[in-house]
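Visitor: Everything below, folded, please.
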Amino acid sequence: MGHHHHGHSHGHGHGHGHSHSHINNKKALFASFLIIAGFMIVEVIGGILTNSLALLSDAGHMLSDAVSLGLSYFAIKLGERKVTQEKTYGYKRFEIIAAALNGITLIVVALFIFYEAFHRFLAPPEVQSKGMLVISVTGLVVNIIAAWILMKGDKEENLNVRSAFLHVIGDMLGSVGAIIAALLILFFGWGIADPIASVIVAILIIFSGFRVTKDSFHILMEGAPEQIDMKKVKAALAGIPMVEEVHDLHIWTITSGYPILSCHITIHDDGVHDEILAHSQKILHDQFEIEHSTIQIEKAAIGCPSPHGTCN
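Guide: Prediction:
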């Protein structure tokens, strides 16, 4: 038969803007990584010295943040590496594996805090509230700076920058919790406020861990990107003049913001292959922001691509 054609489209036009935001993402991730990792060490020492679980759990949260920021930065660096013969999509997938590992780590950290807090509820230890207050206020300031840096990154586009930003927001809440607990202990002597604050932080950590893990597994399992509606894509392609039907449609994600599509399009005998190919790629690019597509176009009379094709 041999009349099948393949069309490959790779988006042009916005390469420059993309690389610009890419550099911003890298800088933002690296700067906030340094700030958070540095302060996390301060918080661990402070948590041990003041005997505050709230500070230690906030440090646990910051550890997970530092890890996720470091991984995100590393992933962007790795994703820049060239595509090789064996790894035909380059190293972009590493970003998602990193996110999955990070999500699982978060859940483990949270479970550990729950365990420790349970013991503290039974016997609240002495906590040095003044030291705890100073450190937690500093922590809040540090997180606000990191969040501000990340907001200048490109958090709409990039899953990594967005998850890092959400982490830092969670951290801010953790610091606020530790500040409130420190004030309660300082003024009312409520030692129990410390484990309560740590449990609240642990719940935040569990939620973010669960969400990151779920999102990354969806991508690893080749799930269709959530922002793209398969039915709409199919209808848009089927609506092109001279197209008889669209089948074998697959959409999946290599890494965040990198959707890929492949499909077969059956056209009428007088349809012009290249025109229909160009038209369908334009629709995918303009309406659905799909840059990478492999479209196989076949004439109805030649192939028998579908059960109800016109085969004699």
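Visitor: can you list contacts of stretch 131-150?
Guide: 28-29, 31-32, 35-36, 39, 42-43, 46-47, 49-50, 52, 54-55, 58, 62, 161, 164-165, 168-169, 171-172, 174-176, 178-179, 181-183, 185-186, 194 (C-beta atoms under 8 Å, 6 or more residues apart in numbering). The C-beta positions use only the backbone N, C-alpha and C, and glycine is treated the same way.
Visitor: Report the distance from the longest strand anywhere in the chain to the chain centre.
Guide: The residue-count maximum for a strand in the chain (DSSP state E) belongs to strand 243-253. Centre-to-centre, strand 243-253 and its host chain are 26 Å apart (C-alpha atoms, centre = their mean, to the nearest Å).
Visitor: what do you get for stretch 246-257?
Guide: 18 Å.
Visitor: Okay, buried residues for it please.
Guide: 246, 249, 251, 253-257 (16 or more other C-beta atoms under 10 Å).
Visitor: ok, back up a step: can I get the buried part of the contacts of stretch 131-150 as one PyMOL selection?
Guide: Selection of buried members from the contacts of stretch 131-150 for PyMOL, criterion 16+ other C-beta under 10 Å:
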select buried, resi 28+29+31+32+35+36+39+42+43+46+47+50+52+54+55+58+62+161+164+165+168+169+171+172+174+175+176+178+179+181+182+183+185+186+194
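Visitor: quick check, nearest of the buried residues of stretch 246-257 to residue 78?
Guide: Closest approach between those and residue 78, by C-beta to C-beta: residue 255, at 10.6 Å.
Visitor: where does the closest one land in three-state SS?
Guide: coil (DSSP: H, G, I helix; E, B strand; the rest coil).
Visitor: same thing with residue 294?
Guide: strand.
Visitor: Tell me how far it lies from residue 192.
Guide: Separation of residue 294 from residue 192 (C-beta to C-beta, to the nearest Å): 61 Å.
Visitor: where in the stretch 101-250 of the chain is pLDDT low?
Guide: Applying pLDDT under 70 to the stretch 101-250 of the chain flags the ranges 153-160.
Visitor: sorry, back to before: which one among the buried residues of stretch 246-257 gets closest to residue 203?
Guide: Comparing the buried residues of stretch 246-257 against residue 203 with C-beta to C-beta places residue 256 closest, at 25.7 Å.
Visitor: wait, what's in contact with residue 224?
Guide: 230, 251-253.
Visitor: returning to what we had before: counting neighbours, which bits of the helix or strand that the longest strand of the chain is followed by end up buried?
Guide: Downstream of strand 243-253, the next assigned helix or strand under DSSP states H and E is strand 259-267. By 16+ other C-beta under 10 Å, the buried positions in strand 259-267 come out as 259-261, 263-267.
Visitor: could you give the angle of the very next helix or strand once past strand 259-267 to strand 259-267?
Guide: Counting by DSSP H and E, the element after strand 259-267 in chain order, helix or strand, is helix 273-288. Calculated by axes from the mean of the first three to the mean of the last three C-alpha atoms, to 10 degrees, helix 273-288 forms an angle of 140 degrees with strand 259-267.
Visitor: What residues sit buried inside helix 273-288?
Guide: For helix 273-288, by 16+ other C-beta under 10 Å, it's 273, 276-277, 279-281, 283-285, 288.
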